[in-house]
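Novice: A predicted structure for the sequence below; I have some questions about it.
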Amino acid sequence: MNHTSREKIVKVFLFLAAFTAVLSVILIAFFVFKEGMPIFITYGISEVIFGQNWNPTNQVYGILPMIIGTIFVTIFAIFIGAPMGISVAIFLAEISPQQISKIVRPAVELLAGIPSVIYGLFGMVIIRSILADISRGPLGEHLPASYQTGYSILGAGIILAIMILPTVINISEDAIRSVPKEYKEGALALGASKWQTIYNVILPAAKSGIATSVILGTGRALGETMAVIMIAGNTALIPEISWKGLFAPVRTLTGNIALEMGYAGPEHQQALFATGIVLFLFIMVLNVLTTLIAKRGFNRG
Amino acid sequence: MTKVEKQQAVAYGVLSFAAMLTVLILGLIVFYVLSKGLGMISIEFLLDKPKKMGSEGGIFPAIIGTIYLVFITMIVATPIGVGAAIYLNEYTKEGPITNTIRFATEALAGIPSIIFGLFGFAFFVILLKPITGGWSIISGALTGVTMILPTIVRSSEEALKAVPSILREGSLALGTTRWQTIKRVILPTAFPGILTGLILSIGRVIGETAAFLLTLGGSLLIPSSIFDGSRTLSLHLYMVAMETGAMDIAFGTGAVLIFLIIIINATSRFLLKKFIRKMS
């Protein structure tokens, strides 16, 4: 075989390899939608999405409780994880002496590498029992019995907050580091203190990257399955909308799929794929947000 | 202390505290799981079959299942992922095609693992059952391939980008073809960087559970071929903790997992350092 034809074959193979990603995305979207759509068609989109009852044995497939569960758990995770992650990112990018970075950075990497079932196990044993003690003890009079197990939005939110830290930290740190040196030097030369420079110059300049890190963290929280199943309690009921709701056991969209796929009959399976479609849409909204932010950040830069 | 200095001290205090807390949380999780699980680990635990649905006995089938799955996934994903990176970085100019491929890679990276599981279930487990044997190592591995593809493509691309263009141009100027240059000059130089990405992907496969819950079948038997169902250590941990409540076995498995992840992270850090030194 001469060189030219070998070059051509190699190029075709490499193109096919590169195209695998495109093909995978198409196949994934196709199969999830193909399997999930029949439920929306049979029972109506609003019946499924706004239906408050999930009872597959009686062909009732309302996934609103799971949508609300997912949103609450995710919001709580972001509420704690985002400020903490951004703080660590600023610390690593601007303040930390090298010796300390040498401890913090591998720690963040390890956090990213720990399997989600380990977070789940830790949450299930430690965090759940602490929350159970609190909700049975000091809060015992205020909470209904079903909110006293420790399996709760709060527990899932705390574990997710830890799990999204690496995403938020890594991407925020990159964003902060990519702010041009001149900005920082200019501000310092004008007599601003280091913190004033960070707060008034560097952070605003890194805003879009930091926002992206939070959105990607949100995506991670929305999509996490195993750790959440192990600590959220998985009750397909809408939690009480007050502070008490924090102690309510909930089921997320991801959890719904993972918990029931093993024994679901044909229509029930379709309903779980429909749950997947809703999750897919959530992620797509986040992707669009990221793209918008990236564009805005780019125009300004 | 002036007001400005005070503000700075407070801010630095808060930021340092956040960093300390992060390290502390990691330490707490690792320490707790190891303290509960290390005592479980013994030769028997590692090499025995599970008894009573995994609530007693060892974890040998899960270890074999993990090795099988990692091996098959990497064998399929490596040529595809590295090939894609070579194509994107060495063979084409930026344009609509590369944009589409990059967009798809980013999109794949953002898809939750349970969605990969649904896809793998509908496609590999149900539709391709005559080929894959339904719930099986091959179904799990092919699902895993789509999951780790973005990691491999991205890290390989970065490694290829770091290869100085002088090497590329010098080799081509000697009259070699593009593929010869890639095979003999670029890939060997970028190798440690690419390997780093591959090792991190192994970590991802070991740690992943949701996608394999729907595709691997969770069998407790030692698989005799890649068309048999199986379970990984992560899946075993989940099933044991949730279905049997045998927390000691779960923690023992967790300790093994933590060891694996620490080894993987240390190896990839070591390789990355070597790569950076080589490039500078």
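Specialist: Received, thanks. Just so we're clear, the structure is a prediction, and the values are computed from it rather than from any experiment.

Novice: For the rest of this, base every contact and every neighbour count on C-alpha atoms.
Specialist: Fine.

Novice: Surely A:Ile118 is in contact with B:Gly254?
Specialist: Yes. Applying CA atoms under 8 Å as the test, A:Ile118 and B:Gly254 come out as touching, 6.2 Å apart.

Novice: where does the stretch 1-150 of chain A have low pLDDT?
Specialist: By pLDDT under 70, the low-scoring segments of the stretch 1-150 of chain A are A:1.

Novice: any chance you could map the helices in it?
Specialist: Per DSSP state H, counting those that start in this stretch, the stretch 1-150 of chain A carries helices over the ranges A:3-43, A:45-49, A:64-90, A:98-113, A:116-122, A:128-136.

Novice: nearest to A:Gly155, of those?
Specialist: Judged by CA to CA, the one of these that comes nearest to A:Gly155 is helix A:128-136, at 6.2 Å.

Novice: pLDDT averaged over the helix or strand just after the closest one - what is it?
Specialist: Per DSSP states H and E, the first helix or strand lying C-terminal to helix A:128-136 is helix A:153-177. The predicted model assigns helix A:153-177 a mean pLDDT of 97.

Novice: who's in contact with the one helix or strand A:Asn256 maps to?
Specialist: Using DSSP H and E, A:Asn256 sits in helix A:253-260. Helix A:253-260 has contacts (CA atoms under 8 Å, 6 or more residues apart in numbering or on different chains) with A:63, A:66-67, A:69-70, A:222-226, A:228-229, A:234, A:272-273, A:275-276, A:279, B:114, B:210, B:213-214.

Novice: check contacts around A:Gly150.
Specialist: Contacts for A:Gly150 (CA under 8 Å, 6+ apart) come out as A:Ile127, A:Arg128, A:Ser129, A:Ile130, A:Leu131, A:Ala132, A:Asp133, A:Ser135, A:Phe247, A:Pro249.

Novice: Can I get the buried part of those residues as one PyMOL selection?
Specialist: Selection of the buried residues among the contacts of A:Gly150 in PyMOL, burial being defined by 16 or more other CA atoms under 10 Å in any protein chain shown:
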select buried, chain A and resi 127+128+129+131+132+133+135+247+249
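
Novice: my guess is B:Ala107 meets A:Val25, correct?
Specialist: Yes. Using CA under 8 Å, B:Ala107 makes contact with A:Val25 at a distance of 7.4 Å.

Novice: out of A:Ile118 and B:Gly254, which sits in the busier spot?
Specialist: B:Gly254 (30 against 27; other CA atoms under 10 Å in any protein chain shown).

Novice: what does the model give that one for pLDDT?
Specialist: pLDDT, B:Gly254: 96.

Novice: quick one: what helix or strand has it in it?
Specialist: helix B:247-279.

Novice: what's the angle from that helix to helix A:98-113?
Specialist: Orientation note: helix B:247-279 sits at an angle of 130 degrees relative to helix A:98-113 (axes from the mean of the first three to the mean of the last three CA atoms, to 10 degrees).

Novice: which secondary structure elements does helix B:247-279 contact?
Specialist: helix A:98-113, helix A:116-122, helix B:3-37, helix B:187-207, helix B:233-239 (3 or more CA pairs under 8 Å, 6 or more residues apart in numbering or on different chains; DSSP states H and E).

Novice: Counting neighbours, which bits of it end up buried?
Specialist: B:247-258, B:260-262, B:264-265, B:267-269, B:271-272, B:275.

Novice: now stretch A:79-93
Specialist: Buried, per 16+ other CA under 10 Å, within stretch A:79-93: A:80-93.

Novice: Please produce CSV containing those residues, extended by distance to chain B.
Specialist: Putting the buried residues of stretch A:79-93 into CSV (distance: CA to the nearest CA, whole Å) gives the following:
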residue, distance to chain B
A:Ile80, 11
A:Gly81, 10
A:Ala82, 11
A:Pro83, 9
A:Met84, 6
A:Gly85, 8
A:Ile86, 9
A:Ser87, 5
A:Val88, 5
A:Ala89, 8
A:Ile90, 7
A:Phe91, 6
A:Leu92, 8
A:Ala93, 11
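
Novice: Highest mean neighbour count out of the helices of the stretch 1-150 of chain A?
Specialist: For these, average neighbour numbers computed from mean count of other CA atoms under 10 Å in any protein chain shown are highest in helix A:116-122, which has a mean of 26.

Novice: can you list contacts of that helix?
Specialist: A:159, A:163, A:226-231, B:29, B:32-33, B:207-209, B:234, B:237-238, B:241, B:250-251, B:254.

Novice: Which of the three states applies to the closest residue to chain A within the stretch 1-150 of chain B?
Specialist: Closest residue of the stretch 1-150 of chain B to chain A, CA to the nearest CA: B:Ala84 (3.7 Å). Here B:Ala84 takes the helix state, with states given by DSSP: H, G, I helix; E, B strand; the rest coil.

Novice: so how far is A:Ile67 from the closest residue to A:Pro65 other than its chain neighbours?
Specialist: Closest residue to A:Pro65 apart from its sequence neighbours, by CA to CA, 6 or more residues apart in numbering or on different chains: A:Ile238 at 4.7 Å. Between A:Ile238 and A:Ile67 the distance is 9 Å, computed by CA to CA, to the nearest Å.

Novice: Quick check: buried residues in stretch A:273-283?
Specialist: Going by neighbour count (16+ other CA under 10 Å), the buried part of stretch A:273-283 is A:Phe273, A:Ala274, A:Thr275, A:Gly276, A:Ile277, A:Val278, A:Leu279, A:Phe280, A:Phe282, A:Ile283.

Novice: And the helix holding A:Asn256, what's buried?
Specialist: For helix A:253-260, a neighbour-count test (16+ other CA under 10 Å) marks A:Leu253, A:Thr254, A:Gly255, A:Asn256, A:Ile257, A:Ala258, A:Leu259 as buried.

Novice: can you list the residues of the stretch 151-280 of chain B near chain A?
Specialist: Listed as neighbours of chain A in the stretch 151-280 of chain B under the rule CA under 8 Å from any CA of the partner chain: B:177-179, B:203-204, B:206-210, B:213-214, B:234, B:237-238, B:241-242, B:250-251, B:254, B:257-258, B:261-262, B:265.

Novice: Among the contacts of helix A:253-260, which are located in helices?
Specialist: Mapping those onto helices (DSSP state H) picks out A:66-67, A:69-70, A:222-223, A:226, A:228-229, A:272-273, A:275-276, A:279, B:114, B:210, B:213.

Novice: For A:Ile164, see how far away the residue most central in space within chain A is.
Specialist: By CA atoms, centre = their mean, chain A has its centre lying nearest to A:Ala221, at 1.9 Å. Using CA to CA, A:Ala221 is found at 7 Å from A:Ile164.

Novice: For the spatially closest residue to B:Gln7 that is not a sequence neighbour, the count of nearby residues, please.
Specialist: Nearest in space to B:Gln7, with sequence neighbours left out and distances taken as CA to CA, 6+ apart, is A:Trp195 at 7.8 Å. Residues near A:Trp195, counting by other CA under 10 Å, number 21.

Novice: list the contacts for A:Trp195?
Specialist: Here A:Trp195 is in contact with B:Gln7, B:Gln8, B:Ala11, B:Tyr12 (criterion: CA under 8 Å, 6+ apart).

Novice: how about 10 Å then?
Specialist: A:94-95, A:188, A:201-202, B:4-5, B:7-12 (CA atoms under 10 Å, 6 or more residues apart in numbering or on different chains).

Novice: Go ahead and list the helix or strand containing it.
Specialist: A:Trp195 is located in helix A:194-197, with elements delineated by DSSP H and E.

Novice: next one: that helix to chain centre, how far?
Specialist: Once both centres are worked out by CA atoms, centre = their mean, to the nearest Å, helix A:194-197 turns out to sit 31 Å from its chain's centre.

Novice: Noted, bye for now.
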